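Student: coords below, sequence missing:
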């Protein structure tokens with residue numbers, strides 16, 4: 001601020017102040033400093049390129065896009081502006097426009113590594129894996145020491161089920177950047193540890209490294225837990241999972257009582273009278289197939305089986321349903337869901353359905369069915385029935401203790417805040433069970449219940465039942481689902497690339513002593 005006192009009319013001083021504020025996460029103040037700089041000199045491209053990210057971090061994506069467009073009016077051939085514009089457009093979900101922007105950046109600067117990597121990520125988001133691989137290879141061809149592209153390539157290969165190649169890409173990343181925690185984490189989640197190897201030692205050493213942040217330590221605890229579980233050293237594994245969960249829990253805001261209230265309001269609102277009153281008023285399209293349940297209950301597996309069918313497109317974990325119902329109608333958007341639903345008229349329920357299917361069709365225009373496998377859609381089954389009465393709902397179930405253990409062993413990128421404490425996890429599972437029995441009561445015969453363990457015991461019979469429920473002809477390819485070439489964008493990707501295996505059934509017994517607080521909660525009401 002001293003510099004400002006000396007030269008208050010110097011644009012670059014305001015720009016530097018903006019950068020310092022942005023580094024400290026004081027985003028609003030940073031935006032004001034950049035605005036002041038541009039007031040003094042509106043032709044400074046560098047300021048627009050600093051302003052854009054500050055706006056993006058605040059979720060002000062449209063303003064960021066406008067800032068980059070203004071910079072391009074001044075200098076149409078500035079490669080970094082095109083790259084930044086691509087970033088903002090990609091965050092808005094405008095993938096085609098983002099791809100154009102990244103391509104323009106690489107045309108202007110053919111050695112622009114970051115733009116190739118971003119281009120690859122945008123293609124990956126569009127499931128255009130061949131073009132994504134090509135973009136990553138272009139970056140690596142220019143600079144074989146560009147770690148970011150090796151890492152991105154590893155993630156894509158993992159999603160494609162090419163696990164051996166993914167492991168090679170992660171190892172290449174670590175040879176360039178041995179302290180990269182994200183890569184250690186993904187490598188540990190992708191490979192099966194056969195011995196106490198140098199990769200485990202490297203992670204243990206990183207835990208002692210003073211430059212490692214707390215969130216990175218959390219990732220290392222979960223990765224090491226997985227490694228020791230591979231080695232059947234269950235006590236050590238559980239100890240690491242516990243520390244990881246405890247540290248993660250301290251960083252997330254979560255109140256189980258808020259969830260209890262939400263579940264209660266769902267059950268009160270979606271009563272038999274309300275469902276009867278609005279019966280038959282939704283959009284009658286039967287494209288959507290919702291695969292839902294607790295996290296780690298087999299949803300990725302069911303989607304992989306269904307998407308092996310020629311008439312099904314597996315769209316993965318979509319947030320579109322929740323966004324559609326929470327944002328597309330002001331009567332609902334301005335209140336806590338599910339309050340005020342009874343103020344909607346019959347046409348408005350149909351309009352919700354139309355809006356959702358329109359969004360779904362952007363993933364595939366010709367598939368007979370499109371799957372949406374966000375587990376937490378179990379919260380919205382009543383709403384699904386009202387707005388899409390012909391949609392298929394598949395509820396995935398697995399042994400409760402195995403399900404909860406699997407949640408506890410995973411550090412989720414988004415949501416699932418209930419999973420970092422065994423007592424909260426047990427309570428949340430009880431709430432989920434209560435809500436599911438409510439849906440079964442008020443919507444008899446609407447939900448298809450799919451039991452993970454039954455599939456392991458009799459794969460063909462359960463697969464036939466699943467296809468039958470979706471009105472699909474039998475196709476042999478659904479039995480060899482693990483060979484299907486499609487991107488699986490969840491942590492379960494390696495699991496659905498194996499033929500069916502039973503080694504995760506009853507795995508909780510290896511941790512029976514440590515899981516007592518959870519077990520007593522789960523058995524209390526049964």
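Tutor: Received the coordinates, thanks. In this text the structure is predicted, and so the values were computed from the model without any measurement.
Student: hey, let's count contacts and neighbours off CA atoms from now on
Tutor: Noted.
Student: residues near the closest residue to residue 131 other than its chain neighbours, how many?
Tutor: Excluding the flanking residues, the one nearest residue 131 by CA to CA, 6 or more residues apart in numbering is residue 123, at 6.4 Å. Neighbourhood size, residue 123 [other CA atoms under 10 Å]: 22.
Student: need the contact list for residue 123.
Tutor: Residues near residue 123 by CA atoms under 8 Å, 6 or more residues apart in numbering: 99, 129, 131-132.
Student: ok so it is a helix residue?
Tutor: Yes: the assignment for residue 123 by DSSP: H, G, I helix; E, B strand; the rest coil puts it in a helix.
Student: What is the burial count for residue 369?
Tutor: For residue 369, the count of nearby residues is 26 (other CA under 10 Å).
Student: should've said residue 361
Tutor: Neighbour tally, residue 361, other CA under 10 Å: 16.
Student: Stretch 191-199: end-to-end distance?
Tutor: Start and end residues of stretch 191-199 are separated by 11 Å (CA to CA, to the nearest Å).
Student: buried set for that stretch?
Tutor: Across stretch 191-199, burial judged by 16 or more other CA atoms under 10 Å covers 191, 193, 199.
Student: and those residues, which of them are in helices?
Tutor: residue 199 (DSSP state H).
Student: nearest to residue 454, of the buried residues of stretch 191-199?
Tutor: Distance to residue 454 across the buried residues of stretch 191-199 (CA to CA) is lowest for residue 191, with 27.2 Å.
Student: ok, back up a step: let me see the confidence value for the residue nearest to residue 131.
Tutor: Predicted confidence (pLDDT) at residue 123: the value is 95.
Student: Over to residue 92?
Tutor: Reading off the model, residue 92 has pLDDT 84.
Student: again with the one 10 residues further on
Tutor: Listed pLDDT for residue 102 reads 99.
Student: My read is that it contacts residue 86, right?
Tutor: Yes: assessed by CA atoms under 8 Å, residue 102 is found in contact with residue 86 at 5.7 Å.
Student: hmm, back to that, ok, so of the buried residues of stretch 191-199, who is nearest residue 21?
Tutor: Proximity of the buried residues of stretch 191-199 to residue 21, judged by CA to CA, is greatest for residue 199, which lies at 38.2 Å.
Student: Could you report the separation of that closest one from residue 406?
Tutor: From residue 199 to residue 406 the distance is 23 Å (CA to CA).
Student: which secondary structure elements does the helix or strand containing residue 175 contact?
Tutor: Element membership for residue 175 (DSSP states H and E) is helix 163-176. The elements that helix 163-176 packs onto, with contact taken as 3 or more CA pairs under 8 Å, 6 or more residues apart in numbering; DSSP states H and E, are helix 147-159, helix 181-190.
Student: number of nearby residues for residue 26?
Tutor: 14.
Student: SS state for residue 296?
Tutor: coil.
Student: no no, residue 292
Tutor: Looking at residue 292 with three-state DSSP, the answer is strand.
Student: list the contacts for it?
Tutor: By CA under 8 Å, 6+ apart, the contact set of residue 292 is 299, 373-378, 393-396.
Student: Could you identify the helix or strand that succeeds the lowest-mean-pLDDT helix or strand in the chain?
Tutor: Ranking every helix and strand in the chain by mean pLDDT, DSSP states H and E puts helix 2-6 at the bottom, with a mean of 52. Where DSSP H and E defines the elements, the next helix or strand beyond helix 2-6 is helix 11-23.
Student: Give me the buried positions along that next one.
Tutor: 11-19, 21-22.
Student: mind checking how far it is from the chain centre?
Tutor: Distance of helix 11-23 from its chain centroid, counting by CA atoms, centre = their mean, to the nearest Å, is 33 Å.
Student: same deal with stretch 239-250?
Tutor: Distance, centroid of stretch 239-250 to centroid of chain: 21 Å (CA atoms, centre = their mean).
Student: mind listing what's buried in it?
Tutor: By neighbour count on 16+ other CA under 10 Å, the buried set for stretch 239-250 is 240-245, 247-249.
Student: Give me the residues contacting the one helix or strand residue 201 maps to.
Tutor: In this assignment (DSSP H and E), residue 201 forms part of helix 198-207. With contact meaning CA under 8 Å, 6+ apart, helix 198-207 is reached by 179, 184, 212, 217, 220, 224, 227.
Student: The third one should be in a helix, yeah?
Tutor: Read it as residue 212. No: Residue 212 is assigned coil when assessed by three-state DSSP, not a helix.
Student: Contacts only, for it.
Tutor: Counted by CA under 8 Å, 6+ apart, residue 212 has contacts residue 206.
Student: Now do the buried residues in stretch 210-230.
Tutor: Within stretch 210-230, the residues scored as buried using 16+ other CA under 10 Å are 216-230.
Student: That one: how far from the chain's middle?
Tutor: That offset, for stretch 210-230, works out to 20 Å (CA atoms, centre = their mean).
Student: Would you mark the buried spots in the lengthiest helix in the chain?
Tutor: The longest helix of the chain (DSSP H) is helix 422-442. Buried residues in helix 422-442, counting neighbours by 16+ other CA under 10 Å, are found at 422-432, 435-436, 438-439, 442.
Student: Am I right that residue 449 falls within a strand?
Tutor: Yes: read with three-state DSSP, residue 449 is one of the residues of a strand.
Student: pretty sure it contacts residue 378?
Tutor: No: using CA under 8 Å, residue 449 is not in contact with residue 378; the gap is 11.9 Å.
Student: higher neighbour count, these two?
Tutor: residue 378 (22 against 15).
Student: before we move on, the earlier item: can you put the contacts of helix 198-207 in a markdown table and add pLDDT?
Tutor: What follows is the contacts of helix 198-207, written out as a markdown table (pLDDT from 0 to 100):
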| residue | pLDDT |
| --- | --- |
| 179 | 97 |
| 184 | 98 |
| 212 | 96 |
| 217 | 97 |
| 220 | 98 |
| 224 | 98 |
| 227 | 98 |
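Student: Greatest separation within those: which pair is it?
Tutor: 212 and 227 (19.7 Å).
Student: which among the buried residues of helix 11-23 gets closest to residue 286?
Tutor: For the buried residues of helix 11-23, the nearest to residue 286 is residue 22 (47.5 Å; CA to CA).
Student: Quick check: residue 315 vs residue 129, distance?
Tutor: Residue 315 sits 14 Å away from residue 129, going by CA to CA.
Student: all helices of the stretch 251-400 of the chain, in order?
Tutor: 256-269, 272-277, 299-307, 320-327, 330-333, 346-361, 381-387, 400-408 (DSSP state H, counting those that start in this stretch).
Student: re earlier: so which of the contacts of helix 198-207 are in helices?
Tutor: 184, 217, 220, 224, 227.
Student: And these, which is closest to residue 50?
Tutor: Closest to residue 50, out of all of those and judged by CA to CA, is residue 217, at 30.2 Å.
Student: Residue 192 versus the closest one, what's the distance?
Tutor: Counting by CA to CA, the gap from residue 217 to residue 192 is 21 Å.
Student: do residue 203 as well
Tutor: Relative to residue 192, and taking CA to CA, residue 203 is found at 15 Å.
Student: What of residue 180?
Tutor: 20 Å.
Student: Equivalent analysis for residue 438, please.
Tutor: 40 Å.
Student: And residue 127, by the same measure?
Tutor: 26 Å.
Student: ditto for residue 455
Tutor: Residue 455 sits 24 Å away from residue 192, going by CA to CA.
Student: and if you look at residue 270?
Tutor: Distance, residue 270 to residue 192, by CA to CA: 45 Å.
Student: Same question for residue 10.
Tutor: 58 Å.
Student: Equivalent analysis for residue 320, please.
Tutor: Separation of residue 320 from residue 192 (CA to CA) stands at 34 Å.
Student: And for residue 458?
Tutor: For residue 458, the distance to residue 192 equals 26 Å [CA to CA].
Student: just to revisit the earlier point, among the helices of the stretch 251-400 of the chain, which comes closest to residue 287?
Tutor: Comparing the helices of the stretch 251-400 of the chain under CA to CA, the one sitting nearest is helix 346-361, at 7.5 Å.
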